[in-house]
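>>> no sequence for this one, just the structure:
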């Protein structure tokens with residue numbers, strides 16, 4: 001009788017619900033258009049069901065075609081916790097939760113095994129076979145709609161690029177996006193020369209090809225060091241690095257006045273069909289002969305070294321050791337004295353950006369490797385741990401046999 005009474009008491013406890021609110025674009029999030037309406041409808045629905053709303057998970061400007069959403073992932077992690085605080089995830093519609101039919105169904109089933117239901121305010125939900133079928137149909141339709149919308153947006157942006165308009169990505173250094181015309185509420189923009197940044201671009205090319213007047217031509221690393229030492233900074237206020245400067249020196253748009261649009265897929269990063277690339281006309285900043293001379297010198301200075309192999313390279317701490325002063329990675333360096341080779345771990349920040357960024361650290365490689373290996377041996381390779389490791393190996397070999 002006591003057991004029956006306890007069961008009845010637990011059954012009347014109100015369910016604990018969380019709201020998952022999402023909009024697809026940053027413009028919607030910044031305009032605060034959709035999130036407040038979702039919040040209001042979801043809360044009223046939960047109140048009508050007698051559920052306690054204990055939290056909200058708000059995802060502004062994130063696509064739901066996959067699960068690469070930070071807030072969504074945090075919600076799933078909270079759902080797996082032993083002391084989770086909710087029993088229901090309430091969404092305005094299933095398209096807010098997912099725009100991939102198969103992934104949505106798998107996620108809902110995983111949550112159901114944890115005792116959590118995903119409930120839509122505007123669409124049928126439940127365990128009834130007919131309702132589950134309807135949910136799956138809705139998921140497939142949402143996925144189809146999302147893909148069609150993506151195709152239409154891509155088509156519209158390519159057409160805009162063909163007309164010479166800039167589609168909203170950050171302009172390259174030396175340019176700014178300015179209003180060209182208005183079409184109703186839409187503002188169409190084109191690239192124009194930014195006078196201040198354009199002078200910086202010209203200076204970069206001049207330093208590399210001629211130097212600053214007191215020195216000869218500088219290398220890419222030398223240009224980075226010169227700019228950082230003399231107080232020059234990137235558009236975001238950061239110091240210049242070798243990679244970005246090499247990208248500027250090899251960017252043909254500065255001399256040709258043509259910006260290629262649609263080279264890569266914005267979502268996957270894969271190269272698109274060259275036939276679909278659109279060239280947008282933009283003003284030039286660098287004379288073409290100057291640009292070609294820079295390319296010739298870059299080609300002649302190319303060391304053609306093998307890229308570092310962080311995972312399986314010969315250097316023990318590659319990709320692991322960092323400079324205690326600036327936090328940059330430590331890279332391998334060396335010198336030869338009296339026909340003997342001495343190897344060091346050196347600060348990459350100092351090597352790539354100059355001593356104005358970091359004074360640099362040089363640690364003998366053999367000394368640091370020995371310290372790390374001996375430290376690991378003292379901490380990990382104690383007799384008890386070695387016995388456990390060997391027991392595990394023996395068990396795995398026995399299973400394979």
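Received the coordinates, thanks. Just so you know, these numbers come straight off a predicted model, no measurement behind them.

>>> all strands of the stretch 101-250 of the chain, in order?
With DSSP state E, counting those that start in this stretch as the criterion, the stretch 101-250 of the chain has strands at 117-120, 175-183, 186-193.

>>> give me the beta-bridge partners of residue 342?
In this entry, residue 342 is beta-bridged to residue 335, by DSSP bridges.

>>> show me the contacts for it.
334, 335, 336, 364 (C-beta atoms under 8 Å, 6 or more residues apart in numbering). Backbone N, C-alpha and C define where each C-beta goes, glycine included.

>>> Tell me the one of those nearest residue 111?
Residue 111 lies nearest to residue 364 out of the contacts of residue 342, by C-beta to C-beta, at 54.0 Å.

>>> Quickly note the distance from the closest one to residue 135.
According to C-beta to C-beta, to the nearest Å, residue 364 and residue 135 sit 64 Å apart.

>>> Over to residue 181?
45 Å.

>>> Which one of the two is surrounded by more residues?
More crowded of residue 181 and residue 135, by other C-beta atoms under 10 Å: residue 135, with 21 against 11.

>>> Report the contact partners of the more buried one.
94, 105, 108, 120, 123, 124, 125.

>>> picking that back up, biggest separation within the contacts of residue 342, which pair?
Among the contacts of residue 342, 336 and 364 lie farthest apart (C-beta to C-beta), at 14.5 Å.

>>> Redo the strands of the stretch 101-250 of the chain as CSV? Include mean pLDDT and distance to residue 272.
Formatted as CSV, these follow (pLDDT from 0 to 100; distance: least, C-beta to C-beta, whole Å):
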stretch, mean pLDDT, distance to residue 272
strand 117-120, 91, 36
strand 175-183, 88, 22
strand 186-193, 89, 21
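
>>> Dump those into TSV; add distance to residue 296 as well.
Below are those laid out as TSV (distance: least, C-beta to C-beta, whole Å):
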stretch	distance to residue 296
strand 117-120	61
strand 175-183	25
strand 186-193	25
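
>>> Got a PyMOL select line for the buried ones in the contacts of residue 135?
Remark: buried members of the contacts of residue 135, expressed as a PyMOL selection using 16 or more other C-beta atoms under 10 Å:
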select buried, resi 94+105+108+120+123+125
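
>>> Next step: the contacts of residue 135 restricted to helices.
The members of those that map onto helices under DSSP state H are 94, 105, 108.

>>> just these now: which is nearest residue 173?
Distances from residue 173 to the ones in helices among the contacts of residue 135, taken by C-beta to C-beta, are shortest for residue 94, at 43.2 Å.

>>> Please name the residues that touch the closest one.
Per C-beta under 8 Å, 6+ apart, neighbours of residue 94: 104, 118, 120, 123, 135, 138, 139, 142.

>>> redo that, cut-off 6 Å
Neighbouring residues of residue 94 by C-beta atoms under 6 Å, 6 or more residues apart in numbering: 120, 123, 138, 139.

>>> Tell me the one among the contacts of residue 135 nearest to residue 230.
Set against residue 230, the nearest of the contacts of residue 135 by C-beta to C-beta is residue 94 (56.3 Å).

>>> Residue 336 and residue 364: which is more packed in?
Using other C-beta under 10 Å as the criterion, residue 336 and residue 364 rank with residue 364 on top: 12 against 8.

>>> How about the more buried one, nearest residue that isn't a chain neighbour?
residue 344 (5.9 Å; C-beta to C-beta, 6 or more residues apart in numbering).

>>> Would you check that the one you found makes contact with residue 332?
No: contact criterion C-beta atoms under 6 Å: residue 344 and residue 332 do not qualify, at 7.6 Å.

>>> For residue 209, see how far away the residue most central in space within the chain is.
Residue closest to the average C-alpha location in the chain (C-alpha atoms, centre = their mean): residue 68, at 10.1 Å. Note on residue 68: its distance to residue 209, by C-beta to C-beta, is 43 Å.

>>> which SSE is residue 389 in?
Assigned by DSSP states H and E, residue 389 belongs to helix 383-400.

>>> buried set for that helix?
Of the residues in helix 383-400, none is buried (16+ other C-beta under 10 Å).

>>> what packs against that helix?
Using 3 or more C-beta pairs under 6 Å, 6 or more residues apart in numbering; DSSP states H and E, no helix or strand is in contact with helix 383-400.

>>> tell me the mean pLDDT over it?
The average of the pLDDT scores along helix 383-400 is 85.
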